[in-house]
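**Student:** All I have is the shape, not the residue letters:
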């Protein structure tokens, strides 16, 4: 079957299981998940959906999220959107057995219940931050890989006529990333995206070097993505104020002018300096933390990253990663945090050997391990470790040991960083960079992965199962649906279990 036909077939299999085109209110995707807004959650057929071969798992959060994995989700989503459009165009108005008032009341109750469970102000804020930065990840990855390739060629002295062009390709996006952040920020906060980009562009304009603020000459790029974020948010509020007070006849002229003028002046004579100081402090603190904390800092970061992901709090790290990449060319935090995935892989392998009679869980692990090695841990988390309980904790132990290993070498002066965010596991190798050569950087990161695998395996094998847990799960019968399905795919996140509290991942 052709790839395009396969993706369309996957989309066609999913659509009726989420209630059809009429039940879909919004469609989006991140690195691994198809995120759907649904009018009526009760129409979703969880058991049938999780049996679709391409589906790795589901998460019921503010949106209904179907885990398809990186690459696959980007190809299935456009096909799904086409099918939804076709379904809406061809389907007659559905008959209804309830009044409009009853339907509206039912929808309001469902929406209120979801919000009460998931939509705390802090989580909503973090989702907005993620919506700003996640669309930039493909460019960060592509440019990061080109930067790594260029660095390798420069070190080897090869293709000297090509390396300047590769450097331009790798650096062009990062030179203008503030503009893209400003554009996405204005879009996310309800303003005109291009005005957010226009205000953020001030930060990277070379001419700001001729401007003095707080007794200092400004420098192009000062404040970076944090300054762009603040400038665009300010522009949105200025624009909304103008829309309320400026007469309609003058709106098209006055509103854009005042938006750029007011927010631009505040950006130049305030935000750039303040955001620059904050950005510098972030870089300084990250260096200090790993230089002085070393193994201890790595232990904490690697050990607690999986719980952060489960709570959705990892999204707060995205601007920090981006700021470090802007300042230093790489983020030293990501390789340490990636050790959490190594611990998860080691724990899953241990579960495989500890439950030799449970064919269902073993099939789940075998199908999900390749993705786990590449840094996609959701199938293993949702299908294996989190439902079992203890193995999730021992997976965190594995991540802690792997993080401690990488952190120890950072303390010795061997910085290990990533030139982009998004990938993890083995997929991070092409993006690695550091201060002591690519060979040493790869060796330290690879060593960290091995330590994470081993520690996660040992901790889970010896401490991940109580006698009662082994008695319950080490049986030849198919386990409960909340752990794994007969098809060997992760179970949906529904019902009153720990997964019910798990928000969206990346």
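**Tutor:** Received it, and whenever you're ready, just let me know what you need. All of these numbers come straight from a predicted model, not from anything done at the bench.

**Student:** Next, count neighbours for residue 41.
**Tutor:** 16 (other Cβ atoms under 10 Å). (C-beta placed from N, C-alpha, C; glycine too.)

**Student:** Please enumerate the helices of the stretch 51-200 of the chain.
**Tutor:** Counting by DSSP state H, counting those that start in this stretch, one finds helices in the stretch 51-200 of the chain at the ranges 72-90, 100-118, 121-133, 137-156, 163-175, 177-188, 193-204.

**Student:** Now do the contacts for the nearest residue to residue 430 once chain neighbours are set aside.
**Tutor:** Spatially, and ignoring its direct neighbours in sequence, residue 430 is nearest to residue 145 (5.0 Å; Cβ to Cβ, 6 or more residues apart in numbering). Counting by Cβ atoms under 8 Å, 6 or more residues apart in numbering, residue 145 touches 419, 420, 430, 431.

**Student:** how near is the third one to residue 141?
**Tutor:** When you say that, I think you mean residue 430. Residue 430 sits 9 Å away from residue 141, taking Cβ to Cβ, to the nearest Å as the criterion.

**Student:** These two: who's more crowded?
**Tutor:** More neighbours surround residue 141 than the other of residue 430 and residue 141, with 20 against 16 (other Cβ under 10 Å).

**Student:** That one contacts residue 431, correct?
**Tutor:** Yes: the pair residue 141 and residue 431 qualifies as a contact (Cβ atoms under 8 Å) at a distance of 7.0 Å.

**Student:** longest single helix anywhere in this structure?
**Tutor:** The single longest helix within the chain, with elements called by DSSP state H, is helix 438-463.

**Student:** now the angle from that one to helix 137-156?
**Tutor:** Helix 438-463 and helix 137-156 are oriented at 130 degrees to each other (axes from the mean of the first three to the mean of the last three Cα atoms, to 10 degrees).

**Student:** What residues sit buried inside the helix or strand following helix 438-463?
**Tutor:** The element immediately downstream of helix 438-463 (helix or strand, assigned by DSSP states H and E) is helix 467-473. Residues 469, 473 are the ones in helix 467-473 that count as buried (16 or more other Cβ atoms under 10 Å).

**Student:** same check, this time on stretch 143-160
**Tutor:** So stretch 143-160, judged by 16+ other Cβ under 10 Å, has buried residues 143, 144, 145, 146, 147, 148, 149, 150, 151, 153.

**Student:** sorry, back to before: who touches both of residue 141 and residue 431?
**Tutor:** By Cβ under 8 Å, 6+ apart, the residues touching both residue 141 and residue 431 are 420, 423.

**Student:** Can you lay out the buried residues of stretch 143-160 as CSV showing distance to residue 69 and pLDDT?
**Tutor:** Formatted as CSV, the buried residues of stretch 143-160 follow (distance: Cβ to Cβ, whole Å; pLDDT from 0 to 100):
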residue, distance to residue 69, pLDDT
143, 23, 85
144, 20, 83
145, 19, 84
146, 24, 88
147, 26, 83
148, 23, 80
149, 25, 86
150, 29, 84
151, 29, 79
153, 31, 86
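
**Student:** wait, which of the residues you listed is closest to residue 268?
**Tutor:** residue 143 (27.6 Å; Cβ to Cβ).

**Student:** what's near enough to touch that closest one?
**Tutor:** Counting by Cβ under 8 Å, 6+ apart, residue 143 has contacts 169, 170, 171, 172, 173, 174, 419, 420.

**Student:** swap the cut-off to 10 Å and go again
**Tutor:** Going by Cβ atoms under 10 Å, 6 or more residues apart in numbering, residue 143 touches 169, 170, 171, 172, 173, 174, 177, 325, 419, 420, 431.

**Student:** And the strands in the stretch 301-450 of the chain, which stretches?
**Tutor:** Using DSSP state E, counting those that start in this stretch, the strands of the stretch 301-450 of the chain run over 416-418, 432-434.

**Student:** Show the average pLDDT along the first one.
**Tutor:** Here strand 416-418 scores 91 as its mean pLDDT.

**Student:** One more: the last one?
**Tutor:** Strand 432-434 shows an average pLDDT of 88 in the prediction.

**Student:** Check what pLDDT the closest residue to residue 7 other than its chain neighbours gets.
**Tutor:** Leaving aside its sequence neighbours, residue 7 sits nearest to residue 75 (Cβ to Cβ, 6+ apart; 4.5 Å). Note on residue 75: pLDDT of 86.

**Student:** What is the neighbour count of residue 75?
**Tutor:** Neighbour tally, residue 75, other Cβ under 10 Å: 18.

**Student:** Then the one 10 residues further on?
**Tutor:** When neighbours are defined as other Cβ under 10 Å, residue 85 has 12 of them.

**Student:** In contact with it, which residues are there?
**Tutor:** Going by Cβ under 10 Å, 6+ apart, residue 85 touches 21, 27.

**Student:** mind starting the numbering at 42 from now?
**Tutor:** With 42 as the first residue, the last one maps to residue 126.

**Student:** Distance of residue 123 relative to residue 117?
**Tutor:** Counting by Cβ to Cβ, the gap from residue 123 to residue 117 is 11 Å.

**Student:** err, residue 425, not the other one
**Tutor:** For residue 425, the distance to residue 117 equals 24 Å [Cβ to Cβ].
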